[in-house]
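Trainee: Sequence and predicted structure are below.
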Amino acid sequence: MVLTVEEIMSRKMPRIKASANAFQAAKKMKAGKLGYLMVVEGGRPVGIVTEADLVGKVLARGINPEKVAVSRFMSKPLITVPPHHDIAAASMLMAKHNIRHLPVVDGDRLVGVVTAKDIIKHVRSYIEVLVRSVLYEE
């Protein structure tokens, strides 16, 4: 059985406009206890802002967070997968690009996000089921 990203992705995606500033992004991330925000313009995903982007590209460089737009430091171009992509391939893609958040797109429409935590959680539950089945078979 192949598990797809569509089966485990989050459909609730925190969003921010590219014109928002870094301070607004940080406030939104803190308020929602979020590690990322999808940058969406006209309903289309154009980038992603992560905690690492805020720290490494804004704060560590001494840039005033109220004076820099999200569009200037967001991670782009986006690395994405379609909903039917299997999680093993998604995991390899995330590892290859050293990312923890993988937008799921259908055409050019953002439909979800799968995170490294999502994958770990679901793989762990499958391993637990397998271990139980092996232990009780013997």
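Mentor: Perfect, I can see it now. Residues are numbered from 1 along each chain as shown.
Trainee: buried stuff in the lowest-mean-pLDDT helix or strand in the chain?
Mentor: When the helices and strands of the chain are compared on mean pLDDT, DSSP states H and E, helix 116-137 comes out lowest with a mean of 76. Neighbour counts using 16 or more other Cβ atoms under 10 Å place Asp118, Ile119 of helix 116-137 among the buried residues. Quick note: C-beta positions are derived from backbone N, CA and C, even for glycine.
Trainee: by contact count, what packs against it?
Mentor: helix 5-8, helix 87-97 (3 or more Cβ pairs under 8 Å, 6 or more residues apart in numbering; DSSP states H and E).
Trainee: Out of these, flag the one nearest Gly42.
Mentor: Nearest of the helices and strands packed on helix 116-137 to Gly42, taken as Cβ to Cβ: helix 5-8 at 23.5 Å.
Trainee: okay, and for the chain, where does confidence drop off?
Mentor: Counting by pLDDT under 70, the chain has low-confidence residues at 1, 126, 129-130, 136-138.
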